[in-house]
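>>> based on what follows, work out the 3D shape:
(chains A and B)
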2 protein chains.
Amino acid sequence: MDAEIIAIGSEMLTPQRVDTNSLYLTAELNKLGIEVVTKSVIGDDRERLADAVRRAVARSGIVVLSGGLGPTEDDVTREAVALALGRKLVFNPEIAEALEQRFSRARRKMAEVNKRQAFVIEGATVLANDRGTAPGQWVEESGAVAMLLPGPPHELQAMFERQCVPRLARIVPKQAIRTICLRIAGMGESDLDTLIAPVYKKYQNPATTILAANGDLQVHLRARCATAAEADALLAEVAGPIELLLGDRVYSRNGDPLEVVTGTMLRKLHATVSVAESCTGGMLGERITSVPGSSEYFAGGFITYSNDLKIELLGVPPEILAEHGAVSEQTAEAMAVGARRRTNSTYALSITGVAGPDGGSEAKPVGTVYMGLAGAGGTEVRRRQFLGDRQRIRVFSTQMALDMLRRKLACRG
Amino acid sequence: MDAEIIAIGSEMLTPQRVDTNSLYLTAELNKLGIEVVTKSVIGDDRERLADAVRRAVARSGIVVLSGGLGPTEDDVTREAVALALGRKLVFNPEIAEALEQRFSRARRKMAEVNKRQAFVIEGATVLANDRGTAPGQWVEESGAVAMLLPGPPHELQAMFERQCVPRLARIVPKQAIRTICLRIAGMGESDLDTLIAPVYKKYQNPATTILAANGDLQVHLRARCATAAEADALLAEVAGPIELLLGDRVYSRNGDPLEVVTGTMLRKLHATVSVAESCTGGMLGERITSVPGSSEYFAGGFITYSNDLKIELLGVPPEILAEHGAVSEQTAEAMAVGARRRTNSTYALSITGVAGPDGGSEAKPVGTVYMGLAGAGGTEVRRRQFLGDRQRIRVFSTQMALDMLRRKLACRG
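Sure thing, here's the model as predicted:
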């Protein structure tokens, strides 16, 4: 059984607001084995909403509506759903009385408009709202069900959990959904797909999604089975060969980002890391220290934009800068060695490159970046040519540097 | 003319991800006088997407699609739109060649699947993508237009701004929309609203929106008139009194962020700045250097998490750390002074605090942050108690530090 989620409210069609109720609803529906196939946001427009509801009910077994149940003229959900299903709205005196009592408990007089909230779609079950004034509704129509829920998240969540989940559990087939999220560094999206498509293409279940963002790739596998054990077995059957093909490019199996994974490895090994950054200007340090508790393994860092600071703070020999330039293998190496020595850390990462938009040359165009890793056993440096704008080049550089550290730590661990 | 936005990607139907491209797109469409009436998210399902496109094109003049233009099997947007419009997909050898060149510039071999990105809907105009591999498409159909844009935000934004906005401006009715975006630092959202509501509430046009994010407040004023001159006059009528009320808390009138504003001021004064960061771990340096050309005025920085490094790299006296602790006015002052001396910069900013979630005490709970600013005339330190999680506390701290610098530079300029 599939679900569609419709959020109602013109404020969610402005540049400032997104619908976040759908994230909670999706998580809860997934737990019941229900897939969300479409989400939409509709303004406070009765006809448009009625049209969307009509189509959603005809197409999907479960339609969850959030918002538009308030007392004012622009709260159109009740009317739109009634219109879509060709049913009347019926005044419910019990709701009206409960509303009056609620207001009098708060020592306030109920405004006349609040009576709008006492209208119920013919044949619908009323879902009580103990956290606000808008009651919800549960309407069944030729095998499908539509739920009308209030927009405020704490009202919606309480109502969905207590009153919709038990009802849904009775009507959907028992199913378990299990997921794996592999995170991969050091390769491009199309190379990844070429490599693993022969495995995942054979399966409709688990469903496989590849996601690329900021030099980081994710492979999501999602299995739906009658039992959790079957789903786990299916996941293993597909994820096993995929992991084998990807080898040490997989850095996480639970969705953790690279800075968390390397941090955990450093902590286990009682090792520390420092950074020496040029073109990334602090972004690598910022990523490492975004993890709570990173002070345990982060030794500190240097943001050395100028040659003078590279010489003075990191001890990069002036003749290396003169001969090879600030963006060079030799400088990256000397920066890493210097940061490690000055902070007395187990490892040090360095980044020096041309983030653009200016500063490129024929030999070292914009996007040329050297990343160094110094340890007790010596120093390694990688050169990469990243594409894209300043921000992208900087993010890719920090990703690559963290991945060098991860691979080094994996050899030790 | 109304617009619908359709985001494509099964990952946005998971509990973890929302579509954020639609916020940018809505802002840009609104500027052209175009209202967004529906937003939806569809998974990687060709038939379902084709159905949604068919209906959107029939109903609204403008349909913007984002995502699903990648090289893999689950990138279905090209095929779905072709299907919806009853058109063929045609192989475009020029795109294929441009893709090959892009890969060879990065010294990588193009995977065969990337050729999928060279297929164009019959009759569509190709929108070049200089930030990624997926070209966009612009298709007109019986008075309506559909735009196929790539999913990654920086690719989508560049393409929309450069190639869709000018084309849209030619087809939508001429209307002058003028906006002012005031950016404000150093006060809370409700205080701001209380202060300026008496001014803006009197006007429906311009429309006023207050936006709060990351310690930064924005007041957007948007006037729609027949001519630009009329719109400008209206804006001045409302923005003038608002600016007067806000005084020097307004740091930008064109939407520029604080790091750009301070950077421009530093450049004009031929001044430089360095940073000494503890709890922000590089974020302040990262923000300053996110601006192209920042090497002109950014002298460098120190990420000193540990006491040892504060002493060794910045020359913070050990007795200050022993007596007052690392999170103290005295340490913040010594850090700023040390960074300024070591880098020989005109100014130095320092940040030391408790970003949490651990490390708080009764006297210095999580969120306690000291920010220092050293210059030729001496050093000032501010203490703030920020609320929220680690990320929020770090962002607010960098915002406050940059604002201290801005106010100092404004006195000199």
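>>> what does stretch A:215-223 rub up against?
By Cβ atoms under 8 Å, 6 or more residues apart in numbering or on different chains, the residues outside stretch A:215-223 that reach it are A:177-185, A:187, A:189, A:192, A:196, A:200, A:205-212, A:231-232, A:234-235, A:238-239, A:242, A:255, A:257-258, A:395-396, A:399-400, B:11, B:14. (C-beta placed from N, C-alpha, C; glycine too.)
>>> what subset of those is buried?
A:177-178, A:180-185, A:189, A:192, A:196, A:200, A:206-212, A:231-232, A:234-235, A:238-239, A:242, A:257-258, A:395-396, A:399-400, B:11, B:14 (16 or more other Cβ atoms under 10 Å in any protein chain shown).
>>> these in strands, which ones?
Taking DSSP state E as the definition of strands, those contribute A:177-178, A:180-184, A:207-212.
>>> for chain B, what are the nearby residues on the stretch 101-250 of chain A?
A:188-191, A:193-194, A:197, A:201, A:207-213, A:220 (Cβ under 8 Å from any Cβ of the partner chain).
>>> just those: which has the poorest pLDDT?
When those are sorted by pLDDT, the bottom entry is residue A:213 at 75.
>>> low pLDDT regions in chain A?
Within chain A, the ranges that satisfy pLDDT under 70 run A:413.
>>> residue nearest the centroid of it?
residue A:255 (9.6 Å; Cα atoms, centre = their mean).
>>> which residue, neighbours along the chain excluded, lies closest to that one?
residue A:181 (4.0 Å; Cβ to Cβ, 6 or more residues apart in numbering or on different chains).
>>> and if you look at residue A:175?
If you skip the residues right next to it in sequence, residue A:175 has residue A:33 as its closest partner in space, 2.8 Å away by Cβ to Cβ, 6+ apart.
>>> the residue nearest to residue A:255 contacts residue A:256, doesn't it?
No - the pair residue A:181 / residue A:256 is not scored as a contact, 9.0 Å apart, by Cβ atoms under 8 Å.
>>> so in chain A, which helix runs the longest?
Secondary structure of chain A per DSSP state H: the longest helix is helix A:390-412.
>>> run the chain-centre distance for that one.
Distance, stretch centre to chain centre, for helix A:390-412: 20 Å (Cα atoms, centre = their mean, to the nearest Å).
>>> report the buried residues of that helix.
By neighbour count on 16+ other Cβ under 10 Å, the buried set for helix A:390-412 is A:390, A:392-409.
>>> for stretch A:53-60, same thing?
A:53, A:54, A:55, A:56, A:57, A:60.
>>> what separates it from the chain centre, distance-wise?
Counting by Cα atoms, centre = their mean, stretch A:53-60 comes out at 28 Å from the chain centroid.
>>> could you do stretch A:322-330 as well?
Worked out by Cα atoms, centre = their mean, stretch A:322-330 lies 39 Å from the chain centre.
>>> show me which positions of that stretch end up buried.
Buried residues in stretch A:322-330, defined by neighbour count with 16+ other Cβ under 10 Å: A:326, A:327, A:328, A:329, A:330.
>>> that one near chain B at all?
No - Stretch A:322-330 stays out of contact with chain B when judged by Cβ under 8 Å from any Cβ, the minimum separation being 10.3 Å.
>>> measure that stretch end to end?
11 Å (Cα to Cα, to the nearest Å).
>>> residues in contact with it?
So stretch A:322-330 is in contact with A:278-279, A:307, A:310, A:320, A:331, A:352-354, A:364, A:368-370, A:381, A:383, going by Cβ under 8 Å, 6+ apart.
>>> and the residues you listed, which two are the farthest apart?
Greatest spacing in those, by Cβ to Cβ: A:307 and A:383 (19.5 Å).
>>> of the buried residues of helix A:390-412, which ones also sit close to chain B?
A:390, A:392, A:394.
>>> residues from the stretch 301-413 of chain A in reach of chain B?
Contacts of the stretch 301-413 of chain A with chain B, taken as Cβ under 8 Å from any Cβ, map to A:301-306, A:309, A:312-313, A:342-343, A:356-358, A:385-392, A:394.
>>> so which of these sit within helices?
Filtering those for helices - DSSP H - leaves A:309, A:312, A:313, A:342, A:343, A:390, A:391, A:392, A:394.
>>> nearest to chain B, of those residues?
Closest to chain B out of these is residue A:309 (4.2 Å), distances taken as Cβ to the nearest Cβ.
>>> quick one: the closest one from residue A:303, how far?
Distance of residue A:309 to residue A:303, given as Cβ to Cβ, to the nearest Å: 8 Å.
>>> which one's more surrounded, the two?
Shown here are residue A:309 and residue A:303; by other Cβ atoms under 10 Å in any protein chain shown, residue A:303 has more neighbours (33 against 24).
>>> quick check, that one in contact with residue B:295.
No - taking contacts as Cβ under 8 Å, residue A:303 lies outside contact range of residue B:295: 11.2 Å.
>>> can you pull the residues that touch both of those two?
By the contact definition Cβ under 8 Å, 6+ apart, residue A:303 and residue B:295 are jointly contacted by residue B:289.
>>> returning to that earlier point: ok, so of the buried residues of stretch A:53-60, who is nearest chain B?
Checking the buried residues of stretch A:53-60 against chain B by Cβ to the nearest Cβ gives residue A:55 as the nearest, at 8.0 Å.
>>> ok but the closest one is inside a helix, no?
Yes - according to DSSP: H, G, I helix; E, B strand; the rest coil, residue A:55 belongs to a helix.
>>> hang on, the earlier thing: surely the residue nearest to residue A:175 meets residue A:226?
No - look at residue A:33 against residue A:226 with Cβ under 8 Å: they stay out of range, at 9.2 Å.
>>> among these two, which residue is more densely surrounded?
Neighbour count, other Cβ under 10 Å: between residue A:33 and residue A:226, residue A:33 has more, with 19 against 12.
>>> returning to what we had before: ok, now which ones touch the residue nearest to residue A:255?
So residue A:181 contacts A:218, A:219, A:220, A:221, A:252, A:253, A:254, A:255 (Cβ under 8 Å, 6+ apart).
>>> quickly list what the second one is bridged to.
Okay, so that is residue A:219. residue A:182, residue A:210 (DSSP bridges).
>>> name the element the residue sitting furthest away from the middle of chain A belongs to?
Going by Cα atoms, centre = their mean, the residue of chain A most distant from its centre is residue A:319, 46.4 Å out. If you go by DSSP states H and E, residue A:319 is part of helix A:318-324.
>>> please state the offset of that helix from the chain centre?
Remark: helix A:318-324 is offset 44 Å from the chain centroid, using Cα atoms, centre = their mean.
>>> likewise stretch A:68-76?
With Cα atoms, centre = their mean, you get 31 Å for stretch A:68-76.
>>> now it: buried residues?
Quick answer for stretch A:68-76 (16+ other Cβ under 10 Å): A:68, A:69, A:70, A:71, A:75, A:76.
>>> same thing with stretch A:241-257?
For stretch A:241-257, a neighbour-count test (16+ other Cβ under 10 Å) marks A:242, A:243, A:246, A:249, A:250, A:251, A:252, A:256, A:257 as buried.
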